[in-house]
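Q: Okay, here's the prediction I keep looking at, along with the sequence it came from:
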Amino acid sequence: MLLDGFGRRVDYLRLSVTDRCDLRCSYCMPQGFKGYEEPAHWLSFDEIERLLGVFARLGLRRVRLTGGEPLLRRNLPDLARRLAALPGIDDLSLSTNGTQLAKHAAHLRKAGITRLNVSLDSLERERFQSICRRDALPQVIDGLEVARSEGFRSIKINMVALAGTTDAEIDAMVAYCMERRFVLRLIETMPMGETGRSAGFLDLRPVRERLRERFGLIDGVVPGGGPARYLVAPDGSFQIGFITPISQHFCETCNRVRLGVDGTLHLCLGQNDSVDFRTPLRSGCTDAGLEEMLRAALHAKPWRHEFRERPQQIIRAMSATGG
Ligand code: SAM
Ligand code: SF4
């Protein structure tokens, strides 16, 4: 079991397989962004498999593929198959914006991905386009329908709650998810990069109380639900999670770290502490050496983010970290 310096068990990795994306969500990637990692710096599938194999021997149990947009990385199902086969890894999931899901869903399911998170901020085509800066809502809806037919264990919709924008659509999104048995998660914006800082922050606590009343929901616990606080329908037919890093942070139960496409291990979303794993992977470091480095890195994991106290300090966008 891998414990950090505060005794928290870290068994979950969010693995960014690319920092590129086909959308430009206003709270995430700056328009005209050019600061991508060079392809020569991307960890290869062999390097990822080796590092995660060492991590799994230390206690890693769950991996989520993310990005950027992970479906832009060529042959992703091949990587998924290799990671699903690693001894110790018992949960492999994917976060995607859904634009290419229709094409890839069947291959991903066959490769061993069991759970999907799909970002969807709006069901109105124009609003979607103005937030994500591409007219891609029909592709995302199509991708979700194909994914539904592929039998994933769970499909969650991630909706970023933006004051004065998506807040008007929360009830419509609840109805959409209820009808399709999707789990809905509302997310508060985090001040990551200039884009994250300028997004309209919405405190989700009053939203949660309003939805509780309006839809007759009760407090619930969802296995594998991560840091979200859930409300559920009394008959279990619907679940909605609230990810509230700003209004009610959940750092005391943090169980995760993030690996960037360039092999940088980010120890906390809201701090700059990180460790470079690409150099040792490419300069003959042994598995025992990697193990030692992972233990030391985890030991240095910060206690909590300081998004409220120091909102200016994170200059990297979410897309560069593996959100
Ligand atoms: N491209 C994929 C997607 O959109 O699901 C995966 C990567 S994306 C960075 C992962 C999640 O981060 C998405 O649900 C997105 O809404 C969220 N996100 C991005 N920037 C954010 C910010 N500043 N605050 C809160 N959530 C953010
Ligand atoms: Fe791309 Fe996801 Fe960021 Fe949107 S949230 S710009 S889809 S990485």
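A: Ah, there it is. Ligands and ions are numbered 1, 2, ... in the order given.
Q: okay, CA-based contacts and neighbour counts for the rest of this
A: OK.
Q: In the stretch 101-250 of the chain, mark out all the helices, start to finish.
A: Taking DSSP state H, counting those that start in this stretch as the criterion, the stretch 101-250 of the chain contains helices spanning 101-111, 125-132, 137-149, 170-180, 193-198, 204-215.
Q: Make JSON lines from those and add mean pLDDT, distance to Pro223 and mean neighbour count to it.
A: Below are the helices of the stretch 101-250 of the chain laid out as JSON lines (pLDDT from 0 to 100; distance: least, CA to CA, whole Å; neighbours: other CA atoms under 10 Å):
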{"stretch": "helix 101-111", "mean pLDDT": "97", "distance to Pro223": "20", "mean neighbour count": "19"}
{"stretch": "helix 125-132", "mean pLDDT": "96", "distance to Pro223": "30", "mean neighbour count": "17"}
{"stretch": "helix 137-149", "mean pLDDT": "97", "distance to Pro223": "20", "mean neighbour count": "18"}
{"stretch": "helix 170-180", "mean pLDDT": "96", "distance to Pro223": "19", "mean neighbour count": "16"}
{"stretch": "helix 193-198", "mean pLDDT": "76", "distance to Pro223": "29", "mean neighbour count": "20"}
{"stretch": "helix 204-215", "mean pLDDT": "95", "distance to Pro223": "20", "mean neighbour count": "14"}
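Q: out of those, nearest to Asp4?
A: Nearest of the helices of the stretch 101-250 of the chain to Asp4, taken as CA to CA: helix 193-198 at 26.6 Å.
Q: Can the closest one be said to contact ligand 1?
A: Yes - using CA under 6 Å from any ligand atom, we find that helix 193-198 touches ligand 1 at Gly196.
Q: From the chain's centre, how far out is that helix? Work that out for me.
A: Here the centre of helix 193-198 is set off from its chain's centre by 18 Å, with CA atoms, centre = their mean, to the nearest Å.
Q: Counting by contacts, list what it packs against.
A: Packing contacts for helix 193-198, counted by 3 or more CA pairs under 8 Å, 6 or more residues apart in numbering; DSSP states H and E, involve no helix or strand.
Q: List the neighbours of that helix that are in contact with it.
A: With contacts defined as CA atoms under 8 Å, 6 or more residues apart in numbering, helix 193-198 is touched by 26-30, 189-191, 311-312, 314-318.
Q: ok, of these, which come out buried?
A: 26-30, 189-191, 311, 314, 316-318 (16 or more other CA atoms under 10 Å).
Q: So for these, which is the shakiest by pLDDT?
A: Lowest pLDDT of those: Ile314, 69.
Q: Quick check: the residue sitting furthest away from the middle of the chain vs Arg181, distance?
A: Seen from the C-alpha centroid of the chain, the residue lying at the greatest distance (CA atoms, centre = their mean) is Gly284, 31.0 Å away. For Gly284, the distance to Arg181 (CA to CA, to the nearest Å) stands at 48 Å.
Q: swap in Leu204?
A: 22 Å.
Q: Give me the neighbour count for the nearest residue to His266 once chain neighbours are set aside.
A: Closest residue to His266 apart from its sequence neighbours, by CA to CA, 6 or more residues apart in numbering: Ser274 at 4.5 Å. Neighbour count of Ser274, defined by other CA atoms under 10 Å: 19.
Q: got it, and Gly35?
A: 9.
Q: coming back round to it: and ligand 1, which of the contacts of helix 193-198 contact it?
A: Residues of the contacts of helix 193-198 in contact with ligand 1 (CA under 6 Å from any ligand atom): Tyr27, Cys28, Thr189, Met190, Pro191, Met318.
Q: would you list the residues you listed in TSV and tack on distance to Thr66?
A: Shown next, in TSV, are these (distance: CA to CA, whole Å):
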residue	distance to Thr66
Tyr27	17
Cys28	14
Thr189	18
Met190	17
Pro191	19
Met318	11
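Q: farthest-separated two in the residues you listed?
A: Within these, two members stand farthest from each other by CA to CA: Thr189 and Met318, at 10.4 Å.
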